[in-house]
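Participant: need coordinates for the below:
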Amino acid sequence: MSDEARVLGRPVHTAAGEKPFGALTLADVRARASELAAAGGWGPTARVIPVARAWSDLARAMDDAGAATVGDLPDGVASDLGRRAWVVPPGGSLL
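Facilitator: Below you'll find the model as predicted:
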């Protein structure tokens, strides 16, 4: 399995349940960006801000590309932004 396919297939929690990252719609991505931006603040929660920004960047990239889903983005874009958005956690695992 390619790296891109691995990232696109990662499950992500949404309001409607889990979806593969590549199946997330622009509305899903915007909702996640808003949710994380609201959670960011000072102290330990300040660490959420770069992740929220990555989700906002993903929404902007989708909008610019006219992508209906994350999987519609050009090769490499989704996997790069997915890593920044912690779809694939640093080091590969949160455990």
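
Participant: contacts for the helix or strand hosting residue 34?
Facilitator: Using DSSP states H and E, residue 34 sits in helix 26-39. With C-beta atoms under 8 Å, 6 or more residues apart in numbering as the test, helix 26-39 has contacts from 12, 14-15, 19, 24, 45, 48-49, 51-52, 55-56, 58-59, 62-63, 67-68, 70, 85. Every residue, glycine included, has its C-beta placed from N, CA and C.

Participant: that one - what's its average pLDDT?
Facilitator: Here helix 26-39 scores 91 as its mean pLDDT.

Participant: following it, which helix or strand comes up?
Facilitator: Proceeding C-terminally, helix 26-39 gives way to helix 48-65 as the next helix or strand, assigned by DSSP H and E.

Participant: what helices or strands is that following helix leaning on?
Facilitator: helix 26-39, helix 77-84 (3 or more C-beta pairs under 8 Å, 6 or more residues apart in numbering; DSSP states H and E).

Participant: nearest to residue 8, of the ones you listed?
Facilitator: helix 77-84 (6.0 Å; C-beta to C-beta).

Participant: send me that closest one as CSV with only the CA atoms.
Facilitator: Output in CSV follows, covering the C-alpha atoms of helix 77-84 (Å, rounded to 0.1, in the frame of the first residue of the first chain):
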residue,chain,number,x,y,z
VAL,A,77,-1.2,17.3,-1.0
ALA,A,78,-3.6,15.1,1.2
SER,A,79,-0.8,13.1,2.7
ASP,A,80,1.2,16.2,3.6
LEU,A,81,-1.7,18.0,5.1
GLY,A,82,-2.9,14.8,6.8
ARG,A,83,0.3,14.5,8.7
ARG,A,84,0.2,18.2,9.7
